[in-house]
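The following comprises the amino acid sequence and a computationally predicted model.
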Amino acid sequence: MDRILRGLLALLAMCGVLSAVPSVAEELTGTQVISMMRERPDGNDRQGTLTMTLVNRRGSQRVRVLEQVAKDYGMDRKSLITFRSPADVEGTRFLSWTYDEPGKDDDKWLYVPSMKKVRRISGAANNDFFMGSDFTYDDIDMGRRNISKDTHTLLGEEKHGEYDCWKVESIPVDKDDPVVRRVVWIDKKTLLVVHLEYYEKKGLTRVYDVLKLQEQQGFWSVQSAQMNNIADEHKTLMEFGPFTYDQGLEDSLFQVAVLQRGSR
């Protein structure tokens, strides 16, 4: 009976009724790799502190302490960053709503206490530097740029430092984008961006590097990273304190009204 069954299965496979497992896995595309990065597990919400150190060409430093809360709504995300120190930036808040829907622009607002006014960040202002750092408003939430804003090409697999990575080139669909090309190295294990190069018409202008990763509550995140602004001979070091995940953060934390009255 076993011989008859094996023979029947072999016949069905030959006729195409049973599909054989391919001997070589189908190659990933650049878009698939970027999608995997965006969909990596990082909890439904997260909260923590970070220290931002700005270093100019002479080596002078300015240190800022921030708090960030963020919550996911499917593939959309809402995030609030609040500056806690020093005194000249204390109370400054940045709220962003990022969307997964193709072609839909993200919503971003900045509140500066000295101005007592909420400013909407849109259009070309997304390419301005965030609070004197070397991160723009467009890339402050690293890895959340909408996939539809670029065409993505997988350049191959490449080791970057200790990380085994996919290397992807992203070309903006918007021809007016000052960044004409981004090349990103994504760690295969954690699906985090560990190296990112920004190119403008004049060439390479900025380089982002992860210095250390950490695992907390089963989620991988960046512990420290640096953005090097080659053009301006300036750099920004980001150090992330312990984050807590899945606390059930209230939706009310992410409303525009919070910017002026505070998050607590």
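Received the coordinates, thanks. Numbers count the residues shown, from 1 in each chain.

Helices of the stretch 151-264 of the chain, residue ranges please.
Here the stretch 151-264 of the chain has its helices, by DSSP state H, counting those that start in this stretch, at 257-261.

low-confidence ranges in it?
262-264 (pLDDT under 70).

If we use 50, what do you get?
Low-confidence segments of the stretch 151-264 of the chain (pLDDT under 50): 263-264.

how about the strands in it?
Assigned by DSSP state E, counting those that start in this stretch, the stretch 151-264 of the chain shows strands spanning 163-172, 181-187, 193-200, 203-216, 219-229, 234-240, 244-245.

Just send these back as JSON lines, with distance to Lys117 and mean neighbour count too.
(Glycine included, C-beta is placed from N, CA and C.) Formatted as JSON lines, the strands of the stretch 151-264 of the chain follow (distance: least, CB to CB, whole Å; neighbours: other CB atoms under 10 Å):
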{"stretch": "strand 163-172", "distance to Lys117": "31", "mean neighbour count": "19"}
{"stretch": "strand 181-187", "distance to Lys117": "32", "mean neighbour count": "21"}
{"stretch": "strand 193-200", "distance to Lys117": "30", "mean neighbour count": "19"}
{"stretch": "strand 203-216", "distance to Lys117": "29", "mean neighbour count": "16"}
{"stretch": "strand 219-229", "distance to Lys117": "28", "mean neighbour count": "19"}
{"stretch": "strand 234-240", "distance to Lys117": "26", "mean neighbour count": "20"}
{"stretch": "strand 244-245", "distance to Lys117": "32", "mean neighbour count": "15"}
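
can you list those strands in TSV and add distance to Arg145?
Output for the strands of the stretch 151-264 of the chain, formatted as TSV (distance: least, CB to CB, whole Å):
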stretch	distance to Arg145
strand 163-172	8
strand 181-187	9
strand 193-200	10
strand 203-216	13
strand 219-229	15
strand 234-240	17
strand 244-245	22
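
Which one of those strands lies nearest to Arg46?
strand 244-245 (5.1 Å; CB to CB).

what about the closest one, distance to the chain center?
Distance, stretch centre to chain centre, for strand 244-245: 17 Å (CA atoms, centre = their mean, to the nearest Å).

so what does that strand touch, helix or strand wise?
The elements that strand 244-245 packs onto, with contact taken as 3 or more CB pairs under 8 Å, 6 or more residues apart in numbering; DSSP states H and E, are strand 45-55.

For the strand it packs on, buried residues please.
Using 16 or more other CB atoms under 10 Å as the test for burial, strand 45-55 gives 45-48, 50, 52, 54-55.

got it, and stretch 68-86?
Buried positions in stretch 68-86, judged by neighbour count with 16+ other CB under 10 Å: 68-71, 77-83.

which among the residues you listed gets closest to Asp134?
Of all the buried residues of stretch 68-86, Asp134 sits closest to Ile81, with 15.8 Å by CB to CB.

May I have the one helix or strand the closest one maps to exported as CSV, CA atoms only?
Here Ile81, judged by DSSP states H and E, is contained in strand 76-85. The C-alpha trace of strand 76-85 is given here as CSV (Å, rounded to 0.1, in the frame of the first residue of the first chain):
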residue,chain,number,x,y,z
ASP,A,76,0.6,54.6,10.8
ARG,A,77,2.5,56.1,13.7
LYS,A,78,2.1,59.1,16.0
SER,A,79,5.1,60.5,17.9
LEU,A,80,5.7,63.3,20.4
ILE,A,81,9.2,64.6,21.3
THR,A,82,9.5,67.0,24.2
PHE,A,83,12.7,68.9,25.1
ARG,A,84,13.4,68.7,28.8
SER,A,85,16.7,70.6,29.0
